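# Sharing a model that was predicted from the sequence below.
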Amino acid sequence: MAIGVLRASLLCVLATLVWAGNDNPPSTSSNSSVPLAPAVGSNVACEDKDGKRPACTGTCPVSCPQQCLVSCPGCLTFCRPDQVPVRSTKQPVRPPAMFIFGDGNLDVGNIKMLAMGSWERPDDEALIDWVQSRTDGGNAAQFIAKFMGFQMSPPAYLTLPNRIRVHQGFIGVNYACANAGLRDPEPYIDGWYTIPMSQQLQQFAETKAQMEAKLGAQAVRNIITKSFFLIEVGGVDLAYWTEVQDILALYGDTIRSLYNMGARRFGLINVGLIGNMPPTVDGGHGWMYQGVGGKLDPADMNKHAAEFNDGLKPLLGGLARSLPGLRYSIADIYTFTQTVFADPSSYGFEDIHNPCMQDGSAVECDNPAQRWYWDDNGITEHAANLAATAFFYGPPQFTAPVIFRSLLDVK
């Protein structure tokens, strides 16, 4: 989809992250080269490239320790919540554990363990992130885990020993797997290595049973109800099927299943611009993205994603009303990506179309931090960092009804 079309479909409120200072938590990879941004106390600007609103300028508050956020239009500026001095804001309490489900955007090694099925699992669950995620560094799950206070993100399920050791260092499990969807794989895509959501739920049930055998049902109930459940799924389904309502129904079933197993706090990431992924734009991977009625048009794929996202809000609202204690936040990766693509250079990107790792090549580009896509399906560490920061800390235009941080208890 052309950038002009993306700009035309943007929401009225666009938020621009303006980095100031040299301490960017968490930092991007060492070979990154992100353009410098105005320091606190200096002027920042919001341009209206479509000519619909007047341009404006604002000033990053000098009270911000390192960075500020600018909301466009309007040039409203405010400090990043995580960098306000402790004395002036309540700090979130780290949840006892974090459980992660979904597709390759959150996968930290399950897909690689499946591909290396003949290898033995590591016998030490302390090998967190032993198998790297599908990017040049961290993905959104890893950044969000660190924002919550975990030193490292929960390990991939398949990297753990057969009997999960629940001890003082237990921080949760990551079940997400590339190519996973809410539907189980159909025969015509058999051969894909993946763990669909139905199996991820079974794996969590097995984890819970092992925890109960060690700690007792009541202790595990207390842990799970206070834990954070991060989910990003649906993009794979919408790349193949157009029955959006059926996919939403499966999504609702997933939330109910986790709720019935004790989950209460959900951070949900909706479906992004699946029609803008490199294979759909450049015509590569002719075998991919074949819908039930034939190959799906990229614009139609984005249309289905938008329809799914529109249905996700009332679905979760209804579940929250019917399931006591359920709390949730929906992160809007679709709109966030549109925002970045409308003015990529403001976010440090030079190329939002071509992946850093070209298909069939083992050679990466010179500067991954200036690309949005790492490969044909995944985004770079810089892109994941920006999205995770927006979802966890704000601004609130990209999450509803609250930012991720608001789901945590406070001291």
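Yes, it's here. Numbers count the residues shown, from 1 in each chain.
# so what's Tyr334 up against?
270-273, 305-306, 309 (Cβ atoms under 8 Å, 6 or more residues apart in numbering). All C-beta atoms are positioned from the backbone trio N, CA, C, and that covers glycine.
# Show me those residues that map onto helices.
305-306, 309 (DSSP state H).
# Pull out the buried members of those.
305-306, 309 (16 or more other Cβ atoms under 10 Å).
# Can you lay out the residues you listed as CSV showing pLDDT and distance to Asn377?
Converted to CSV, those look like this (pLDDT from 0 to 100; distance: Cβ to Cβ, whole Å):
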residue, pLDDT, distance to Asn377
Ala305, 95, 14
Ala306, 96, 20
Asn309, 98, 19
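# quick one, strands of this protein?
Residue ranges of the strands in the chain, as given by DSSP state E, are 14-18, 43-46, 56-59, 68-72, 76-79, 98-102, 172-174, 228-232, 265-269, 290-291, 294-295, 327-331, 399-400.
# so what strands line up beside the third one?
Pointing back at strand 56-59 there. Looking at strand 56-59 with DSSP bridges, its partner strands are strand 43-46 (antiparallel).
# so where's this protein uncertain?
For the chain, applying pLDDT under 70 flags the ranges 1-55, 60-90, 115-135, 186-192, 279-296, 359-363, 410-411.
# which stretches of it form helices?
Using DSSP H, the helices of the chain run over 3-8, 110-115, 140-148, 197-215, 217-226, 235-238, 244-260, 278-282, 298-322, 333-342, 381-393.
# Could you check the angle the longest one makes with strand 265-269?
The reference is to helix 298-322. Inter-element angle recorded for helix 298-322 and strand 265-269: 170 degrees (by axes from the mean of the first three to the mean of the last three Cα atoms, to 10 degrees).
# burial of the residue lying closest to Gly252 once chain neighbours are set aside, as a residue count?
Closest residue to Gly252 apart from its sequence neighbours, by Cβ to Cβ, 6 or more residues apart in numbering: Leu315 at 5.4 Å. Other residues near Leu315 come to 17 when the count uses other Cβ atoms under 10 Å.
# Can you give me the distance of Leu315 to Gly172?
25 Å (Cβ to Cβ, to the nearest Å).
# So for Ile164, which of the helices of the chain sits nearest?
With Cβ to Cβ as the criterion, Ile164 lies closest to helix 197-215 of the helices of the chain, at 5.0 Å.
# Give the other helices and strands that the closest one contacts.
Counting contacts by 3 or more Cβ pairs under 8 Å, 6 or more residues apart in numbering; DSSP states H and E, helix 197-215 packs against strand 98-102, strand 172-174, helix 217-226, helix 244-260.
# Go again with 10 Å.
When contacts are defined as 3 or more Cβ pairs under 10 Å, 6 or more residues apart in numbering; DSSP states H and E, helix 197-215 sits against strand 98-102, strand 172-174, helix 217-226, strand 228-232, helix 244-260.
# angle of it against helix 244-260?
Using the same axes, to 10 degrees, helix 197-215 lies at 0 degrees relative to helix 244-260.
# angle of helix 197-215 against strand 228-232?
Using the same axes, to 10 degrees: helix 197-215 against strand 228-232 is 160 degrees.
# got the CA positions of helix 197-215 in PDB?
Extracted in PDB, the C-alpha atoms of helix 197-215 (Å, rounded to 0.1, in the frame of the first residue of the first chain):
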ATOM      1  CA  MET A 197      -2.900 -21.700  19.900                       C
ATOM      2  CA  SER A 198      -4.800 -24.900  20.800                       C
ATOM      3  CA  GLN A 199      -1.500 -26.600  21.500                       C
ATOM      4  CA  GLN A 200      -0.100 -23.600  23.300                       C
ATOM      5  CA  LEU A 201      -3.100 -23.700  25.600                       C
ATOM      6  CA  GLN A 202      -2.400 -27.400  26.300                       C
ATOM      7  CA  GLN A 203       1.200 -26.500  27.100                       C
ATOM      8  CA  PHE A 204       0.100 -23.900  29.600                       C
ATOM      9  CA  ALA A 205      -2.200 -26.400  31.200                       C
ATOM     10  CA  GLU A 206       0.700 -28.800  31.500                       C
ATOM     11  CA  THR A 207       2.800 -26.100  33.000                       C
ATOM     12  CA  LYS A 208       0.100 -25.200  35.500                       C
ATOM     13  CA  ALA A 209      -0.300 -28.900  36.500                       C
ATOM     14  CA  GLN A 210       3.400 -29.200  37.200                       C
ATOM     15  CA  MET A 211       3.400 -26.000  39.200                       C
ATOM     16  CA  GLU A 212       0.400 -27.300  41.300                       C
ATOM     17  CA  ALA A 213       2.200 -30.600  41.900                       C
ATOM     18  CA  LYS A 214       5.100 -28.600  43.400                       C
ATOM     19  CA  LEU A 215       3.400 -25.700  45.100                       C
END
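# Can you list the buried residues in it?
Those would be 197-198, 200-201, 203-204, 207-208, 210-212, 215, for helix 197-215 by 16+ other Cβ under 10 Å.
# thinking again about what came up before, okay, the helices and strands packed on helix 197-215 in CSV with distance to Tyr347 next?
As requested, these are exported to CSV (distance: least, Cβ to Cβ, whole Å):
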stretch, distance to Tyr347
strand 98-102, 24
strand 172-174, 27
helix 217-226, 34
strand 228-232, 20
helix 244-260, 29
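# So Phe391 is in contact with Ile269, correct?
Yes: using Cβ atoms under 10 Å, Phe391 is in contact with Ile269, at 7.1 Å.
# where do the contact lists of those two overlap?
Here Phe391 and Ile269 share the contacting residues 140, 144, 230, 329-333, 336, 399, 404, scored by Cβ atoms under 10 Å, 6 or more residues apart in numbering.
# Cheers, nothing more for now.
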